[in-house]
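Novice: here is the input, now give the coordinates:
(one chain, ligands or ions: 2)
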Amino acid sequence: MKKKQNYSRKREAILNAICSTTSHPTAEWVYQKLKPEYPDLSLGTVYRNISQFKNDGTIMSVGTVNGQERFDGNTKPHTHFVCSCCGSVLDIPGKYIEDGVSEKVSGKYNIRVETYEVMFHGICSKCLQRQESL
Ligand SMILES: [Zn+2]
Ligand SMILES: [Zn+2]
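Specialist: Ligands and ions are numbered 1, 2, ... in the order given. Coordinates of the predicted model:
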């Protein structure tokens, strides 16, 4: 029984860590953040819980940036911007594809589009400032 409690406490801490930041963290980041408080936490546990949360729809995967999958506690529809300079993932509110695009593409190519996503890539304002001051 005690073991189970401990397990769900970790589970909650992992979810909180992801939801308490807008930095779209990696599993590794979550692990490093919780490690001081949960010394027996393993990276495997973090991965396992994250993939469960993802399946449940509690969190979202943003996709892979610089080889590491990034996660988002904000599951409301929004768009992402990825800085190719520092790898930060920023939230851009709003939708940038007009309605009916799935149907259009589905009809045109005789496929069934179920989801799609828009991802902006470029250089974030911090990196732009840094470049200008060089
Ligand atoms: Zn940047
Ligand atoms: Zn986001």
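
Novice: quick one: contacts of stretch 120-128?
Specialist: Identification of contacts with stretch 120-128 by CB atoms under 8 Å, 6 or more residues apart in numbering yields 79, 80, 81, 82, 83, 84, 85, 86, 88, 90, 92, 131. For every residue, glycine as well, the C-beta is placed using N, CA and C.

Novice: which of those scores worst on pLDDT?
Specialist: Lowest-confidence member of these: residue 131, scoring 89 (pLDDT).

Novice: can you give me every residue that contacts residue 17?
Specialist: Residue 17 makes contact with 25, 30, 33, 34, according to CB under 8 Å, 6+ apart.

Novice: neighbours of the first one, how many?
Specialist: What that stands for is residue 25. Residue 25 has 23 neighbouring residues, counting by other CB atoms under 10 Å.

Novice: ok, it - contacts?
Specialist: 17, 18, 33, 70, 71.

Novice: redo that, cut-off 6 Å
Specialist: Listed by CB atoms under 6 Å, 6 or more residues apart in numbering, residue 25 has no contact partners.
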